[in-house]
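Visitor: Dropping the sequence and predicted coords here.
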Amino acid sequence: MRTFKIVRISVILAVFSFNISMLSAQTGLEVMTKNERQVFADDEKIDITMTLVNKKGKTRARTINQVIKSDETRNRSSIIRFTSPSDVKGTSFLAIEYSDRDDDQWLYLPALGKTRRISSSNQTDNFVGSDFTYEDMGTEDLEDFKYTIIKEETIDGQNCFLVEAIPVSTSKIKETGYSKREIYVRKSDFVIAKINFYNKNKVHIKTLTTSDVKKVANSEKSRAYVITMNNHKTNHKTILKFADFQINTGVETDIFSKRNLEKEYSYE
C-alpha cells in the first residue's frame with residue numbers, strides 16, 4: 001500500500017513538473033508570434049460598422065470598407081474608406097509599412113479636400129473621433145516590445161495567456177501613448193480576447209474586448225467579429241462589427257496610393 005502511494009505521488013509530481021516545464025517553455029514572445037501568424041494573411045477585405053457611444057448612451061454609426069495586403073517581407077498596406085453617413089463619407093486612411101524606414105500613414109478629409117500625413121508625433125491622436133488612436137490602427141512590431149507571461153486567466157470561458165507588453169525600442173518609447181499593455185491571448189487559437197491599456201502615468205485608461213470569434217468561411221483563419229474599445233477617462237466607447245471577411249482572394253497593389261484616397265475606387 002505504501003509503495004502504491006509513493007508511485008502515485010511520483011506520477012503526480014511528474015505530471016506537475018511536466019506542466020510547469022511546458023508553461024515555462026512558452027514565452028511571451030512565442031505567444032505573440034503565434035498571434036501574429038494567426039492575424040497574417042496575404043490579403044483581406046472587410047466590411048465594418050463603427051458605432052460611437054458617448055457617456056449618455058447616444059450612438060452614431062458609420063460604415064467602412066477596409067482592404068489589406070501583405071508583401072513578401074510581411075509588411076502590410078491597408079486602406080480604409082468611410083462610406084456613410086454623409087458627413088464622413090469619402091474620408092480615407094492609408095497605412096503602408098516598410099522594413100527599412102518609418103511607416104507611412106495618410107488621412108484624406110473630403111470636407112477640406114486635403115490629404116495630410118500622420119507623423120510619429122500624431123500616433124496618440126484619436127482616429128476620426130473614435131476611441132482608437134493611430135497607434136492602435138497599426139500592426140505590432142514584435143521587436144519593439146518586451147513580452148512577459150504574467151499568468152493564465154479565463155476570459156469568457158476561454159483559457160488565456162496574460163502577456164504584459166512594455167515598449168523597449170527607442171522609437172516606440174518616444175511615440176507610444178502607453179507605458180504598458182496587458183494582452184489576453186486565447187490558448188485555443190491565439191486570437192486576442194482582451195487588452196488593458198495604461199498611459200504614461202501607468203493609469204489604466206482603455207480596455208479592448210473581443211467577441212464572436214470564429215473561423216472565416218473558406219479560410220483557416222479565425223477572427224473576432226466584434227471589437228469594443230472602452231475609454232475609462234471619457235466614458236466613451238467604440239464598437240466595431242465586422243462582416244463579409246474575404247481572405248486571400250487577390251488584391252492589386254496599385255490601390256494603396258495617396259491618389260486613391262481622393263477618389264472613388266472599387267475594392268471588389
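Guide: All right, it came through fine.
Visitor: can you map out the helices along the stretch 1-150 of the chain?
Guide: In the stretch 1-150 of the chain, the segments counted as helices under DSSP state H, counting those that start in this stretch are 2-25, 28-39, 134-137.
Visitor: quick one: the last one to chain centroid distance?
Guide: Put simply, helix 134-137 sits 9 Å off its chain's centre (C-alpha atoms, centre = their mean, to the nearest Å).
Visitor: The second one too?
Guide: Distance of helix 28-39 from its chain centroid, counting by C-alpha atoms, centre = their mean, is 12 Å.
Visitor: Buried residues, it. List them.
Guide: 28-29, 31-32, 34-35, 38-39 (16 or more other C-beta atoms under 10 Å). Using the backbone N, CA and C atoms, a C-beta is placed for each residue, glycine as well.
Visitor: does Lys233 count as helix, strand or coil?
Guide: Following DSSP: H, G, I helix; E, B strand; the rest coil, Lys233 is assigned to coil.
Visitor: what does the model give it for pLDDT?
Guide: Lys233 is assigned 96 on the pLDDT scale.
Visitor: Surely Gly90 touches Pro110?
Guide: Yes. If you go by C-beta atoms under 8 Å, Gly90 and Pro110 touch, sitting 3.9 Å apart.
Visitor: dump the residue contacts of the closest residue to Thr51 other than its chain neighbours.
Guide: Spatial nearest neighbour of Thr51, chain neighbours left out: Ile239 (4.4 Å); criterion: C-beta to C-beta, 6 or more residues apart in numbering. Ile239 is in contact with 50-51, 53, 226-228, counting by C-beta atoms under 8 Å, 6 or more residues apart in numbering.
Visitor: Can you tell me how far the nearest residue to Gln38 once chain neighbours are set aside is from Met50?
Guide: The shortest distance from Gln38 to any non-neighbouring residue, by C-beta to C-beta, 6+ apart, is to Phe190 (4.7 Å). For Phe190, the distance to Met50 equals 25 Å [C-beta to C-beta, to the nearest Å].
Visitor: who's more crowded, the two?
Guide: Counting neighbours by other C-beta atoms under 10 Å for Phe190 and for Met50 shows that Met50 has the greater number, 22 against 19.
Visitor: who does that one bridge with?
Guide: On the basis of DSSP bridges, Met50 is bridged to Arg62, Leu240.
Visitor: Quick check: it touching Lys237?
Guide: No. The pair Met50 and Lys237 fails to qualify as a contact (C-beta under 8 Å) at a distance of 11.2 Å.
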